[in-house]
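I would like to see how this sequence folds:
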Amino acid sequence: MTDDQAGAADLDLQGLVLPDEGIIELADKLTGYMMEIRLDGMPDVIGQVLDDFLEQCGEMPEDLTGPGAFDQITKHQLAVTLAYQLGRLEGRSPQVVRLLVRQAIEKWGSRPVEQSPDISDEDLERPKELVYPRLRRLEYVEPAEEDS
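As a prediction, this is how the structure comes out:
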């Protein structure tokens, strides 16, 4: 094992975030390691599963006959498919993923995830760095049912 590979395995990534430019570059590099994805060859049943994911998360267009509906559906299905492929890459070659992440951190720097649940207007200007990581850490609780 090379020093780069050993260092990648030892790096603790929990609680670190990259700046926006680093996220974009890392996403491009990771995507380059994934196999080419073609949605047109996907079995219909898998397409139905992707449709169900989109419907559950509220990303299915209101007007399915609208001019941008097809583009919106395929764009979101591609995002779900890429997330699945990234999980496969992490499962098959975690050392590659960790090495690329470490290189991105060395190049772009990192900082801890903000702990405050309060999101400001300034935070919304850099959502990948300042909003989305915090949202993933929130614990959603069912609202208490009011007594009638």
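
quick one: buried residues of the helix or strand hosting residue 105?
Using DSSP states H and E, the element containing residue 105 is helix 94-108. Using 16 or more other CB atoms under 10 Å as the test for burial, helix 94-108 gives 96, 97, 98, 99, 100, 101, 102, 103, 104, 105, 108. In short, each C-beta sits where N, CA and C put it, glycine included.

the fifth one reaches residue 30, doesn't it?
Yes. The pair residue 100 and residue 30 passes the contact test of CB atoms under 8 Å, sitting 6.1 Å apart.

give me the below-cutoff pLDDT ranges for the protein.
Low-confidence segments of the chain (pLDDT under 70): 1-11, 34-43, 139-148.

in the longest helix belonging to it, what's buried?
Using DSSP state H, we find that the single longest helix of the chain is helix 69-92. In terms of neighbour count (16+ other CB under 10 Å), helix 69-92 has its buried residues at 73, 76, 77, 80, 81, 85, 86, 89.

nearest to residue 14, of those residues?
residue 86 (17.7 Å; CB to CB).

tell me the secondary structure at the closest residue to that closest one other than its chain neighbours.
With sequence-adjacent residues excluded and distances taken as CB to CB, 6 or more residues apart in numbering, residue 86 is closest to residue 30, at 6.3 Å. Assigned by DSSP: H, G, I helix; E, B strand; the rest coil, the conformation of residue 30 is helix.

list the contacts of residue 30.
Going by CB atoms under 8 Å, 6 or more residues apart in numbering, residue 30 touches 86, 89, 97, 100.

repeat for residue 110
16, 17, 18, 22.

now with 10 Å, please.
13, 15, 16, 17, 18, 19, 22, 101, 104, 129 (CB atoms under 10 Å, 6 or more residues apart in numbering).

next step: those residues restricted to strands.
Among the contacts of residue 110, the residues falling in strands (DSSP state E) are 16, 17.

okay, the contacts of residue 110 in CSV with distance to residue 112 next?
Listed next are the contacts of residue 110 as CSV, based on distance: CB to CB, whole Å:
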residue, distance to residue 112
13, 12
15, 5
16, 7
17, 7
18, 12
19, 13
22, 15
101, 16
104, 16
129, 12
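
and the contacts of residue 110, which of them are buried?
17, 18, 22, 101, 104, 129.

so the third one makes contact with residue 102?
Just to be clear, that refers to residue 22. No. With contact defined as CB atoms under 10 Å, residue 22 does not count as touching residue 102 (11.7 Å).

that concludes my questions; thank you for your assistance.
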